[in-house]
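Participant: fold the following.
(one chain, ligands or ions: 1)
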Amino acid sequence: MNDTLQDLYRVIRLRQETPAEGSYTSYLFSAGLDKILKKVGEESAETIIAAKNGDPSELVSETSDLLYHLLVMLAQRGVSVDEVLAELDRRSQKIGNLKPRRETDRES
Ligand SMILES: N=c1c2ncn([C@@H]3O[C@H](COP(=O)(O)OP(=O)(O)OP(=O)(O)O)[C@@H](O)[C@H]3O)c2ncn1[C@@H]1O[C@H](COP(=O)(O)O)[C@@H](O)[C@H]1O
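Facilitator: Numbers count the residues shown, from 1 in each chain. Have a look, this model is predicted:
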């Protein structure tokens with residue numbers, strides 16, 4: 001896998017430590033946790049709508065917005081993206097994760 005998420009997280013941490021003029025990331029950190037969480041919520045909803053709409057480029061764009069805002073959220077809470085990637089790596093050791101479910105649960 002390439003290092004794009006880790007590189008982006010590094011830039012976000014730089015902005016957190018050293019606010020920069022005209023930086024959207026610095027603006028988010030100065031606005032605080034509630035603003036960051038509001039953006040995560042908005043971008044999540046926009047990603048869901050994009051997935052429903054079926055336009056692949058819209059879905060790529062909205063998913064990118066969401067991932068960026070999730071990384072800002074992690075940085076604000078002091079959690080490294082490496083911890084998330086390590087957790088995903090750990091999970092990749094296990095396959096067959098489907099738990100038994102009732103017939104009525106299949107659509108939701
Ligand atoms: N990946 C991103 C990224 N994705 C989305 N965005 C910003 O997220 C915002 C999302 O758009 P919206 O319309 O929802 O929000 P808005 O109206 O601009 O802002 P709000 O008033 O809602 O807060 C846009 O302003 C985008 O520019 C990003 N801003 C920065 N980055 C990365 O962060 C790096 C540092 O950017 P700066 O902090 O701006 O220097 C960049 O080089 C990029 O790699």
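Participant: and Leu14, what element?
Facilitator: Element membership for Leu14, per DSSP states H and E: helix 4-17.
Participant: quickly check: that helix near the ligand or not.
Facilitator: Yes - using CB under 6 Å from any ligand atom, helix 4-17 comes into contact with the ligand via 8, 11, 15. For glycine as for every other residue, the C-beta is placed from the backbone atoms N, C-alpha and C.
Participant: now rank those by neighbours and give me the top one.
Facilitator: Arg15 (19 neighbours; other CB atoms under 10 Å).
Participant: surely that residue is in contact with Tyr27?
Facilitator: No - contact criterion CB atoms under 8 Å: Arg15 and Tyr27 do not qualify, at 9.2 Å.
Participant: for this protein, which residues are neighbours of the ligand?
Facilitator: 8, 11, 15, 20, 23-26, 65, 68.
Participant: now the buried members of those residues.
Facilitator: Neighbour counting by 16 or more other CB atoms under 10 Å classes 8, 15, 23, 25-26, 65, 68 among those as buried.
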